[in-house]
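J.: starting from these lines, generate the structure:
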Amino acid sequence: MDNNNANNSPNGGSFSTHDFWYHLPEELIAQTPLEKRDSSRLLTLNRETGAIAHRHFYDIVEYLQPGDCLVMNDSRVLPARLLGARPTGGAVEVLLLRDLGGNQWECLCKPGRKMRAGQEVIFGDGKLKATVV
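T.: Residues are numbered from 1 along each chain as shown. Model prediction:
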């Protein structure tokens with residue numbers, strides 16, 4: 001296994017979204033940004049030793065080397081998480097990302113693998129229904 005290849009997951013195959021799932025308690029999710037944005041927390045992993053360190057974002061310059069590419073994410077998150085169910089009764093969590101117009105939304109579903117085009121999701125005791133396209 002080549003640990004320097006960003007295209008490989010720890011299990012030797014390609015990455016999947018499942019590789020990034022973890023439990024995050026609600027009380028640890030920031031509701032508002034910090035006044036000093038660079039004071040936000042930064043978790044680092046030393047790939048040689050496996051050591052984990054808790055730092056601040058202003059420390060990131062210590063990790064950058066000439067030629068590195070730093071990608072900035074300035075997307076905004078809508079506070080729109082919907083809990084629904086498939087007709088079979090299975091729970092579905094839907095996170096609305098972007099209004100596409102015409103009553104269509106780009107969204108993330110959990111569990112995503114079980115959602116197929118044409119499948120219906122029911123919200124609020126049947127008061128709202130959505131169809132996966």
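
J.: got the domain ranges for this protein?
T.: Domains of the chain are assigned by automatic domain parsing as 1-74, 81-131.

J.: which of these is buried the deepest?
T.: The highest average neighbour count among the domains of the chain, using mean count of other C-beta atoms under 10 Å, belongs to domain 81-131 at a mean of 13. C-betas here are computed from N, CA, C, even on glycine.

J.: how long is it end to end?
T.: Taking C-alpha to C-alpha, to the nearest Å, domain 81-131 runs 16 Å from one end to the other.

J.: now it, how far from the centre of its chain.
T.: Counting by C-alpha atoms, centre = their mean, to the nearest Å, domain 81-131 is centred 17 Å from the centre of its parent chain.

J.: average model confidence for that domain?
T.: Taken as a whole, domain 81-131 has an average pLDDT of 88.

J.: over to stretch 26-37?
T.: Averaging pLDDT along stretch 26-37 gives 82.

J.: chain center to it: distance?
T.: Stretch 26-37 sits 16 Å away from the centroid of its parent chain (C-alpha atoms, centre = their mean).

J.: that's all I had, so thanks and see you.
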